[in-house]
Structures are given as C-alpha cells and as structure tokens.
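J.: predicted structure and sequence below. I'll ask about it afterward.
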Amino acid sequence: MSKISSIIPNSIIIENLSKSYNQSIKSKSNYIIENINLNLKGGEFFILLGPSGCGKSTLLNIIAGFIQKTSGKLLINNKDVNKPGRERAMVFQHPDDSLFPWLNVKENVEFGLRMNKVNKEERSAISNKYINLVGLAGHEKKFPYELSGGMKQRVQLARVLANNPEILLMDEPFGALDAQTRRIMQRELIRIWSETKKNIIFVTHDIQEALILGQRIGIMSKSPSASIEKIYNVNFPYPRNITSSEFNEQYENLLADLEEETHLGLKEKVIRIGGGHI
C-alpha cells in the first residue's frame, strides 16, 4: 500500500496490522487477525462483515485504542494510534453497558461534556441538538429503565455525537434489537450519517444490514489469522430497496463469499485437529 502524500481529514490507514494474544508461540494460528490492510477516507460509511468470532470486534477495538496491535501500522489523520482518543468514539451493542442508570436521558447525553468542563448553557444546547437529532425530544427526563432497547441505543448514539468525534466505531449496535426497531434504527443512522458526515466503521454479521447501510463492505475471513479478503463497493443510492434485483444480486455475491470463507475456516480447523487429514 502506497503512503499518502497529504493528510485526508478523518482518514484511517491500516497497513499489515496483526494481533496475537500469545506472542511466545511462533505459529500462524497464533494470530487472531493478521495482515489487515485498509484505507478509509473521511466521511465514509464502511462495513466490516464476517462470521461471528472472526476478529471484527478485535479490529474495531484496536482502532478505538482499547487494545494494542501486535504489529503493523494504524494511522488516523496520518498520526500513529496506540491509545483511545477524543476523535474516536465507540457505540456498543448493549447500551445498558454504557448508560448510567442514575442519570436521565439529558444527563446521560451531557455526561462527557460535563467531564470536559463545558459550561451549563452550552451543554444544554448541545444535548438538545443531539436529542432532537436521534428522535428523543420529549423524553429528556426519563431514566434508562423507562426506555425501550431502541430508545436506549438512541441515547447512547446522542451521547457519542454530543462529544463531536470524527469517527464512530459501531460494534453490532443493533444486534440486540427486535427486527422492526432494527429497521428503524438503520434508517435513522443513515439519516444521522448523511447530516453529520462522520466516518463510520460498522461491524455486523448480517448481510442485509451491511447492504442497507454501507458504501463499502469489507469481508473478513474466519479466525484464526483473519484478514479482509475482499472489499465490495455498494453503488446504488440511499435509501436501499431490499426487494430490488440489484440489491439481491449483491446479496447473493456477498453470501457466496461469506460461505466460502466459513467453509475454508472450518476445513483448516479440521486439518489442524486431525493432524493434516480431513
């Protein structure tokens, strides 16, 4: 991968990135992910798609700075990343893990601003803006226990946006929602992304969700030693029509690639367990 000659705002450059949790063993199977290469420009909606356990969340956590890479390069705005930073924010699958139950909606959204010593009037104006943006106007005084799963996820998203990160890292954020709420949240996320122009990396194992949301979709192979095997460009416009022939053709292509990666991963596992025989 060639080096960039100038800084692209909100860009993410990953070169030959690998992660091992047992560096004393010098074997390929030691790596969770290996030789990941990715180049994201600012404002892009990028999907990491792959089977459960393939290392998608590991890669996302490395980009967030929560865990350290073993080798390779990770640059954001042409600067090396090895710890969390304010330009990045994570949205988790389960909002209960990140919301404070003793704070109401408005207080939860304002929490990061208060920690950064933003004055009260400015905090209130910013929180109102993002509460409205995620469709929670009128629910400001409610506590998390009074909210549905979809509403909690909206609160988490509003709190992240209120801190104005350049990059949103989303780890299967709609995976725990019912189908109807999930569709609503997908539409809302597209609207919010189109209004804010954030760089989004969204992890999912759902092909339809990937096609509804992403501009590009990176398919990950099965762990161990997972990598991004192929990147699809999704060129049809938003909102995506899931019944169109174009959508379904792309779906079938993605499904075939995922099934191939899963089959290869299972075959390699059998070879290792069986001493080289299937």
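T.: Good, I have the coordinates. Numbers count the residues shown, from 1 in each chain.
J.: okay, CA-based contacts and neighbour counts for the rest of this
T.: Fine.
J.: spell out the residue ranges of the helices in the stretch 151-278 of the chain.
T.: Using DSSP state H, counting those that start in this stretch, the helices found in the stretch 151-278 of the chain span residues 179-196, 207-213, 245-273.
J.: gap between Asn35 and Val203?
T.: Counting by C-alpha to C-alpha, to the nearest Å, the gap between Asn35 and Val203 amounts to 19 Å.
J.: higher neighbour count, the two?
T.: Set side by side, Asn35 and Val203 show more neighbours around Val203, with 26 against 19, by other C-alpha atoms under 10 Å.
J.: need the pLDDT of the more buried one.
T.: The pLDDT attached to Val203 in the predicted structure is 96.
J.: surely it and Leu168 touch.
T.: No: the pair Val203 / Leu168 is not scored as a contact, 11.1 Å apart, by C-alpha atoms under 8 Å.
J.: picking that back up, kindly compare burial across the helices of the stretch 151-278 of the chain and name the winner.
T.: helix 207-213 (a mean of 20; mean count of other C-alpha atoms under 10 Å).
J.: what helices or strands is that helix leaning on?
T.: Packing contacts for helix 207-213, counted by 3 or more C-alpha pairs under 8 Å, 6 or more residues apart in numbering; DSSP states H and E, involve strand 45-49, helix 179-196, helix 245-273.
J.: out of these, which is closest to Asn235?
T.: Between Asn235 and these, the shortest gap by C-alpha to C-alpha is with helix 245-273, which sits at 9.9 Å.
J.: show me what counts as buried in stretch 76-93.
T.: Of the residues in stretch 76-93, those buried by neighbour count under the rule 16 or more other C-alpha atoms under 10 Å are Ile76, Asn77, Asn78, Val81, Asn82, Arg88, Ala89, Met90, Val91, Phe92, Gln93.
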